[in-house]
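Asker: the amino acid sequence is not available; the structure is as follows:
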Ligand code: NCD
């Protein structure tokens, strides 16, 4: 394949990204108990607030100030059929922190998918072994399909380039916390999205969640071939947000509150060669930040950042910058995932009743 137009349009443009603003604004309030969490379309603003409120409550447990056994005896099946470090481990650890047990399946080739088993059969089987399932899979829509056959709640840990709801929730929670320190709220926020906005599911889910808020200004900074899907731009505009496209990073990062940097999603390209054309096109480092950003502009990234010499979208020389929020983001992921489990399994009000002090040495976790 040659040229930028040769990038497969397959999954990204035919994925179930499309939703209406009415769906997004969520007329019916989500009852978390026993629900699958498949798409951010399920949340209205009060549902997001409820998750954030429960996430705050999880802080002492995530910080190892207390332990709780509220989910003692419960089993999570953590099924990751695409590479993952933080999503898989933090979902598992979040379940452990609530006292539950985790079973892992992480390779399609060592599971029965390799023998031709359908999503339906796998869902029927695994839901007999667990109380809740988290699943990541390369096919858009696969987790929804799996959930239809499951007898227990299923959480989407990422379905191809489509959605990544727990990432969007933790990103929004992080934005809210970071900008609260500047006396701002999510309404009226300005955000620069940088990198592969076409295939990045974290960006897709985040944009859809941002439609629940008012007066957002989005600078989308990407190569022309990797712009946000039109359905997402339409949703943002219907929500009354401003979307301004840039191809030059320095222009696009000026005057925004938050920079949200992303990795080239090389696994979604038809060939490595094709992906390599976009690697390293946008590199944020301290010098560029100092030259173009306000001193308190927040820097975020869903991670992993590509630290190879040819990429470096977020340079290591930003590591000491106090506005680099990437590890506060990952810490917050634990809180959000604990909150989702507690809400879905209906133990929010029981968590503290099963608490005990920690008896071992606990290192200080700097934020
Ligand atoms: C993201 C993903 O898998 O979509 N990572 C994550 O879950 N934190 C982003 C990425 O892989 O670039």
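Answerer: It's in. Keep in mind it's a predicted model, so treat the numbers as computed, not measured.
Asker: could you tell me how many residues sit around residue 319?
Answerer: Neighbours of residue 319 under the rule other CB atoms under 10 Å: 11. Glycine gets a C-beta too; all of them are placed from N, C-alpha and C.
Asker: how close does residue 188 sit to the ligand?
Answerer: Using CB to the nearest ligand atom, to the nearest Å, residue 188 is found at 27 Å from the ligand.
Asker: sec struct for that residue, please.
Answerer: State at residue 188, reduced to three classes by DSSP: H, G, I helix; E, B strand; the rest coil: coil.
Asker: the helix or strand hosting residue 343 and the ligand, are they touching?
Answerer: Using DSSP states H and E, residue 343 maps to helix 326-344. No: using CB under 6 Å from any ligand atom, helix 326-344 never reaches the ligand; the gap is at least 7.7 Å.
Asker: and stretch 96-108, by the same measure?
Answerer: No: applying CB under 6 Å from any ligand atom, one finds stretch 96-108 out of contact with the ligand, separated by at least 13.7 Å.
Asker: for that stretch, which positions count as buried?
Answerer: Neighbour-count burial for stretch 96-108 flags 97, 98, 99, 100, 102, 105 (criterion: 16 or more other CB atoms under 10 Å).
Asker: narrow those to those in helices?
Answerer: residue 97 (DSSP state H).
Asker: residue 362 contacts residue 66, correct?
Answerer: No: contact between residue 362 and residue 66 fails when scored by CB atoms under 8 Å: they sit 10.4 Å apart.
Asker: looking at the two, which is more packed in?
Answerer: Legend: neighbour count by other CB under 10 Å for residue 362 and residue 66, higher for residue 66 (15 against 10).
Asker: the more buried one against residue 353, yeah?
Answerer: No: between residue 66 and residue 353 there is no contact under CB under 8 Å: 11.8 Å.
Asker: measure the closest residue to the ligand within the stretch 51-200 of the chain to residue 296 for me?
Answerer: Nearest residue of the stretch 51-200 of the chain to the ligand: residue 87, at 4.2 Å (CB to the nearest ligand atom). Distance, residue 87 to residue 296, using CB to CB, to the nearest Å: 29 Å.
Asker: between these two, who's got more neighbours?
Answerer: Using other CB under 10 Å, the more surrounded residue of residue 87 and residue 296 is residue 87, with 26 against 12.
Asker: and that one, which of the three is it?
Answerer: Following three-state DSSP, the label given to residue 87 is helix.
Asker: list the contacts of it.
Answerer: Counting by CB atoms under 8 Å, 6 or more residues apart in numbering, residue 87 makes contact with 80, 136, 157, 158, 164, 166, 167, 333.
Asker: same question, residue 182
Answerer: Contact partners of residue 182, counting by CB under 8 Å, 6+ apart, are 257, 296.
Asker: need phi/psi at it.
Answerer: The phi and psi values for residue 182, taken as degrees, to the nearest 10, are phi -100, psi 10.
Asker: let me know the pLDDT of it.
Answerer: Looking at residue 182, its pLDDT is 91.
Asker: if we can go back for a sec, output the contacting helices and strands for the helix holding residue 343.
Answerer: Contacts defined by 3 or more CB pairs under 8 Å, 6 or more residues apart in numbering; DSSP states H and E place helix 326-344 against helix 45-57, helix 59-62, helix 86-97, helix 165-180, strand 298-300.
Asker: so that helix versus helix 45-57, what angle?
Answerer: Angle, helix 326-344 to helix 45-57, by axes from the mean of the first three to the mean of the last three CA atoms, to 10 degrees: 110 degrees.
Asker: which positions in stretch 288-304 come out as buried?
Answerer: Going by 16+ other CB under 10 Å, stretch 288-304 has these buried residues: 288, 289, 292, 293, 297, 298, 299, 300, 301, 302, 303.
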